[in-house]
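**Q** next comes the sequence, and after it the predicted model I'd like to discuss.
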Amino acid sequence: MDDTEAEDKFFEVHEIVVPHIGRVPITKGDFHYLPSKVKRWLAFTVEWFRPRCLYICDGSQSEADEIINKLMERGTLTKLKKLENCYLCRTDPKDVARVESKTVIASHDKYTTVPHVREGVKGILGSWMSMEDLNKEMDKRFPGCMAGRTMYVIPFSMGPLGSPLSKIGVEVTDSNYVLLCMRMMTRVSPRIWEILGDKDFVKCLHSVGCPRPVTRKVVNHWPCNPENVLIAHVPEERKVKSYGSGYGGNSLLGKKCFALRIASVIARDEGWMAEHMLIMSITTPKGKEYFVSAAFPSACGKTNLAMLNPNLPGFKIQCVGDDIAWMKFNDKGELYGINPEAGFFGVAPGTNYKTNPNAMLTFQKNSIFTNVAETADGGYYWEGLEDEVDEHIGITDWLGNEWRRGMHSKAAHPNSRFTTPASQCPIIHPKWEDPEGVPISAIIFGGRRPTGVPLVVESFNWEHGVLLGACVKSEATAAAEHVGKNIMHDPMAMRPFMGYNFGHYLQHWLDLEKPGRKMPKIFHVNWFRVDEDGKFLWPGFGDNIRVLDWILKRCDGTVDAIKSPVGYLPKKGDIDLSGLSEPVDWDQLFSLPKHYWMDDTRESRRFLEDQVGQDTPKKMWELLAKQEKEFSSMPGRQISETD
Ligand code: O2Y
Ligand code: MN
């Protein structure tokens, strides 16, 4: 130990004294070492939340081991013996997904957060709460919410440590499951304190809302407070306040809350983009590499696309990120993007060695499986693994009951998840942590659209691409509390994740186009079109490389395309269909039924009128009017010939 270290040890602080509370022990870490802004905020939070003690996390493996042992002793985690350092967690069945209906954004002026909706219409692009109401609501929940529990203090970076594109947050939580997942999903390190200095950080407050002595029934050793869930954001103060749920997007506050809702506001203010997008690299057989980002609503197979196993020879895919992209134009006018996350929190059901072998290989070690089923030999099980798990093995479902194939109930919850480090992905890109990010050539939007929408279309230009993004719709998802299969608007795939007025967000996108900037091309894809019998017209998965190949050729300008009212369509033969196991019906895949599109265009206009109203940029109206006019003057019933 040198002199400075000895001095630090001498001053190491093992307790803090908080007004109205007194001494609060620090069971790990050194309070003395924290930046003063953090100290002040923590002292205030401790006074409010009244935890039994403080635990300042360092993100180390020994810390994770200690927490895992504690959670196994308590019964929250079960070791999955078949895998290396993998665990099963069963939550309270009332706490299984993001709760959109209890997610709000607070601001002084309502219309900085939500657009002017038509009178009598319920806005779906964000839910606003006044600052006064938020303070009242939080005052009902937060005081004493951590009584008898440990308050974990998690310093984290979204994006590579020290990258100019990264941002720092500190989450306090009383859930050690959250700590385990945060250290996979973000970069947790004591170096954050040094990098932070006296700069500002995003303040993330989380409590499961179950102070001790516990007065409510705790199910599955998963404390939560589902009746009183509230996930609130205060972008003006760069704060997130989340209460009552320990699950995923509600509690891992670096993800949707920070990296999308708060970051979208920071991005607007600083002139960049925080988007619900994967980033992947595609290397062609000629050895040329491109990076694309892609935005899909939840449950459209974004993780599968990000880790695609290409079905065309000679192509190589590498993954940079599967859910969130932060992108910024550099001094040369090129768009560069980073994945701010460090792990994957993917939907388990449907994932198997056919649909996503790379995800399967990623989570064979050091992973947590939440609400999946367990096999008698200590492995995982979920819907979609029927051909990969011994059919005679005993299975316990996500609720802990004995389960057999053919039973009516599901083995795993439809929103069950794997949490796994991105670094373990066999096709993770060597530059996935490059502080500069990677250059983005194309932006792809998509949705689950059973009818009418072609396999791929290219926007006429950047502005029209913004319209394509604004008109994204998709069948509803199991990731939130919606049920059924209705088609929902999910503009830019950001509907649940918008941090500010969606009309202003569209304007921000339009304003990003500036002279001297190389704007990426924008596309819309639909892997999910079906025929009259409900059968998919496109094989999807590894065959999606065929569409990506066309997109890259368009970026290079090496193929022509056909102008249609909705954008440029591929010419017949320009998408490589060689070696497909079944022929595809090109005409059906690309047809634009006139009446469908007249209705759809009107419906999109109506959506913007209802939901975004006067905040909609004028350009959107112009482009929609043009599209409507072109369809109405179309002679036949549909455009189906693209050769
Ligand atoms: O239910 C949750 O909390 C998870 S939601 C989620 C997780 C990972 C990636 N995307 C999503 C999403 O809903 O878009
Ligand atoms: Mn997502």
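**A** Looks like it came in fine. The shown structure was predicted, so the numbers you read here are calculated from the model rather than taken from an experiment. Ligands and ions are numbered 1, 2, ... in the order given.
**Q** for Glu132, the count of nearby residues, please.
**A** When neighbours are counted by other Cβ atoms under 10 Å, Glu132 registers 10. C-beta here means a position set from N, CA and C on the backbone, and glycine is covered the same way.
**Q** so it sits in a strand?
**A** No: per DSSP: H, G, I helix; E, B strand; the rest coil, Glu132 lies outside any strand segment and is helix.
**Q** please renumber the chain so that the first residue is 58 from this point on.
**A** All right, first residue 58 from here; so that's Glu189.
**Q** per-residue pLDDT, it?
**A** On the pLDDT scale, Glu189 is placed at 98.
**Q** quick one: it from Tyr557, how far?
**A** Here the criterion is Cβ to Cβ, to the nearest Å. By it, Glu189 lies 20 Å from Tyr557.
**Q** cool, Pro414 as well?
**A** Using Cβ to Cβ, one gets 39 Å for the distance from Pro414 to Tyr557.
**Q** of these two, which one has the most company?
**A** Tyr557 (24 against 16).
**Q** where's Gly371 relative to Pro342, distance?
**A** Going from Gly371 to Pro342 by Cβ to Cβ gives 3 Å.
**Q** correction: the previous question concerned Leu525.
**A** When distances are taken as Cβ to Cβ, Leu525 and Pro342 turn out to be 29 Å apart.
**Q** could you do Ser299 as well?
**A** Where Pro342 is concerned, Ser299 sits at a distance of 47 Å (Cβ to Cβ).
**Q** looking at the two, which is more packed in?
**A** Between Ser299 and Pro342, counted using other Cβ under 10 Å, Ser299 has the larger neighbour count: 28 against 11.
**Q** show me what whichever strand or helix holds the more buried one is packed up against.
**A** Ser299 belongs to strand 296-300 when assigned by DSSP states H and E. Taking 3 or more Cβ pairs under 8 Å, 6 or more residues apart in numbering; DSSP states H and E as the contact definition, the neighbouring helices and strands of strand 296-300 are helix 188-198, strand 259-264, strand 287-291.
**Q** repeat that with 10 Å
**A** Taking 3 or more Cβ pairs under 10 Å, 6 or more residues apart in numbering; DSSP states H and E as the contact definition, the neighbouring helices and strands of strand 296-300 are strand 160-164, helix 188-198, strand 224-230, strand 259-264, strand 287-291, helix 305-308.
**Q** how many neighbours does Leu637 have?
**A** As a burial measure, Leu637 scores 13 neighbours (other Cβ under 10 Å).
**Q** need phi/psi at it.
**A** For Leu637, the backbone dihedrals are phi -70, psi 140 (criterion: degrees, to the nearest 10).
**Q** what does Ser621 give?
**A** The phi and psi torsions at Ser621 (degrees, to the nearest 10) take the values phi -130, psi 170.
**Q** please apply the same query to Trp185.
**A** For Trp185, the backbone dihedrals are phi -90, psi 150 (criterion: degrees, to the nearest 10).
**Q** surely it touches Val161?
**A** Yes: in this structure, Trp185 is within contact of Val161 by Cβ atoms under 10 Å, at 6.8 Å.
**Q** find the residues that touch each one of these two.
**A** When contacts are counted by Cβ atoms under 10 Å, 6 or more residues apart in numbering, Trp185 and Val161 have 170, 191 as shared neighbours.
**Q** tell me the pLDDT of the residue of the chain found nearest ligand 1.
**A** Closest to ligand 1 within the chain is Gly305: 2.5 Å, counting by Cβ to the nearest ligand atom. With respect to pLDDT, Gly305 has a value of 97.
**Q** my guess is it contacts Ser232. True?
**A** No: if you go by Cβ under 10 Å, Gly305 and Ser232 don't touch, sitting 11.7 Å apart.
**Q** what's the burial count for Asp255?
**A** Counted with other Cβ under 10 Å, the burial measure for Asp255 works out to 8 neighbours.
**Q** that one and Ser93 touch, don't they?
**A** Yes: Asp255 is within contact range of Ser93, at 6.8 Å (criterion: Cβ under 10 Å).
**Q** which positions in this structure make contact with ligand 1?
**A** For the chain, the residues in contact with ligand 1 under the definition Cβ under 6 Å from any ligand atom are 154-155, 304-307, 355, 380, 402, 472, 536.
**Q** turn those residues into TSV, including distance to Asp588 and neighbour count.
**A** TSV is the format used below for the residues of the chain next to ligand 1 (distance: Cβ to Cβ, whole Å; neighbours: other Cβ atoms under 10 Å):
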residue	distance to Asp588	neighbour count
Ala154	32	24
Arg155	33	24
Tyr304	37	28
Gly305	35	23
Gly306	35	24
Asn307	39	27
Ser355	26	25
Asp380	31	26
Phe402	34	22
Asn472	29	22
Ala536	27	20
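**Q** which one of the residues you listed is nearest Asp454?
**A** Comparing these against Asp454 with Cβ to Cβ picks out Asn472 as the nearest, at 14.4 Å.
**Q** how close does Glu639 get to Arg603?
**A** Distance check for Glu639 against Arg603: by Cβ to Cβ, it reads 13 Å.
**Q** of the two, which one has the most company?
**A** For Glu639 and Arg603, the more surrounded residue by other Cβ under 10 Å is Arg603, and the numbers stand at 23 against 5.
**Q** for the lengthiest helix in the chain, which residues meet the burial criterion?
**A** Taking DSSP state H as the assignment, the helix of the chain that covers the most residues is helix 651-668. Neighbour-count burial for helix 651-668, counted by 16 or more other Cβ atoms under 10 Å, picks out 651, 653-655, 657-658, 661-662, 664-668.
**Q** likewise for stretch 334-345?
**A** In terms of neighbour count (16+ other Cβ under 10 Å), stretch 334-345 has its buried residues at 334-339, 341.
**Q** hmm, which two among those residues are most spread apart?
**A** Met334 and Thr341 (21.5 Å).
**Q** following the worst-scoring helix or strand of the chain on mean pLDDT, which helix or strand shows up next?
**A** In the chain, no helix or strand scores lower on mean pLDDT, DSSP states H and E than helix 60-68, which sits at a mean of 41. Under the assignment DSSP H and E, the closest C-terminal helix or strand after helix 60-68 is strand 72-75.
**Q** can you give me how far that next one is from the chain middle?
**A** If you compare the mean C-alpha spot of strand 72-75 with that of the full chain, they lie 37 Å apart, counting by Cα atoms, centre = their mean, to the nearest Å.
**Q** who are the contact partners of Ala100?
**A** Under the criterion of Cβ under 10 Å, 6+ apart, the contact list for Ala100 reads 73-76, 78, 81, 88.
**Q** narrow those residues to those that are buried.
**A** Burial by neighbour count, judged by 16+ other Cβ under 10 Å, picks out 73, 75, 81, 88 from those.
**Q** farthest pair in those residues?
**A** Of all pairs drawn from the buried ones among the contacts of Ala100, the one with the longest distance (Cβ to Cβ) is Val75 and Phe88, at 11.2 Å.
**Q** joint contacts of those two?
**A** Listed contacts common to Val75 and Phe88 are 81, 99-100; contacts here mean Cβ under 10 Å, 6+ apart.
**Q** give me the sheet partners of the top strand by length along the chain and which way each runs.
**A** In the chain, taking DSSP state E as the definition, the longest strand is strand 207-215. For strand 207-215, the paired strands and their directions (DSSP bridges) are strand 110-113 (parallel), strand 224-230 (antiparallel), strand 244-245 (antiparallel).
**Q** now the second one: buried residues?
**A** Buried residues in strand 224-230, defined by neighbour count with 16+ other Cβ under 10 Å: 224-230.
**Q** what's the most distant pair in those residues?
**A** Set against one another by Cβ to Cβ, the buried residues of strand 224-230 have their most distant pair in Lys224 and Thr230, with a gap of 18.6 Å.
**Q** got the residue ranges for the helices in the stretch 358-507 of the chain?
**A** Secondary structure of the stretch 358-507 of the chain (DSSP state H, counting those that start in this stretch): helices located at 359-363, 414-419.
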